[in-house]
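>>> sequence plus predicted model, see below.
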Amino acid sequence: MSSDCIFCKIANKELNTEFIYEDDKVVAFNDLSPQAPVHFLVIPKKHYSSMNDITSKEAFGDIFSAIPKIAEKLGIKEYRTVVNTGVSAGQTVFHIHVHVMSGREFTWPAG
Ligand code: AMP
Ligand code: ZN
C-alpha cells in the first residue's frame, strides 16, 4: 500500500469505485476516461509502481489470468490490452495497470 497512490486507494475500497471483477489478488474497474466503448483497468491489490517492479511470474499470472475471465463475463471476445510503462510510454498512474479496451476497431501500431 502506497498512501498517496490512487489505485491503492481504489483497491482498498477507500474510494467508491465500482469493481467489475475482484479476486484475492486483483481488481478491475472501468476507466474514468474511456477510450473505447469497453475500457477497464486490471490492477493488482499489491502496489507495484510499474511493470518494471514486478519480479514474480505469479504477479503477472494473477493480473493477466483475470482478463479472459472478465472478458467472458462481459461477453467480449476481441480486445486490445495495453500496459504503459514509464512516462514516455504514456504511464500517468504509477501503480501497474493493464488497460483492456473493446467495442471498436483498433489501429496498429498504436500511436
Ligand atoms: P496510464 O496513462 O496508462 O497510466 O493510465 C491511467 C489510466 O487511469 C487513465 O486511462 C485514466 O483515465 C485512468 N484513471 C485515473 N484515475 C482513475 C480513477 N479514479 N478511476 C478510474 N480510472 C482512472
Ligand atoms: Zn498503488
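Ah, there it is. Numbers count the residues shown, from 1 in each chain. Ligands and ions are numbered 1, 2, ... in the order given.

>>> enumerate the residues of the chain near ligand 1.
Ile6, Thr17, Phe29, Asp31, Leu32, Ser33, Leu41, Asn84, Gly90, Gln91, Thr92, Val93 (C-beta under 6 Å from any ligand atom). Every C-beta, even on glycine, is put in place using the N, C-alpha and C of the backbone.

>>> contacts for the lengthiest strand in the chain?
If you go by DSSP state E, the chain has its longest strand at strand 38-44. Residues outside strand 38-44 that contact it (C-beta atoms under 8 Å, 6 or more residues apart in numbering): 7, 10-11, 20-21, 25-31, 59, 62-63, 66-67, 70, 74, 76, 79, 95-103.

>>> can you list the residue ranges for helices in this protein?
Along the chain, the segments classed as helices by DSSP state H run 6-11, 57-74.

>>> what's in contact with the last one?
Right, the one you point to is helix 57-74. 20-21, 23, 25-26, 28, 38, 40, 42-44, 46, 48, 54, 77, 79, 81, 96, 98, 100, 102.

>>> could I have the buried ones of these as ChimeraX selection syntax?
One line in ChimeraX is enough to select the buried members of the contacts of helix 57-74, burial here meaning 16 or more other C-beta atoms under 10 Å:
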select :20,21,25,26,28,38,40,42,43,44,46,48,54,79,96,98,100,102
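
>>> where does pLDDT dip in the chain?
1-2 (pLDDT under 70).

>>> for it, what spans make up the strands?
Going by DSSP E, the chain shows strands at 19-22, 26-30, 38-44, 80-82, 98-102.
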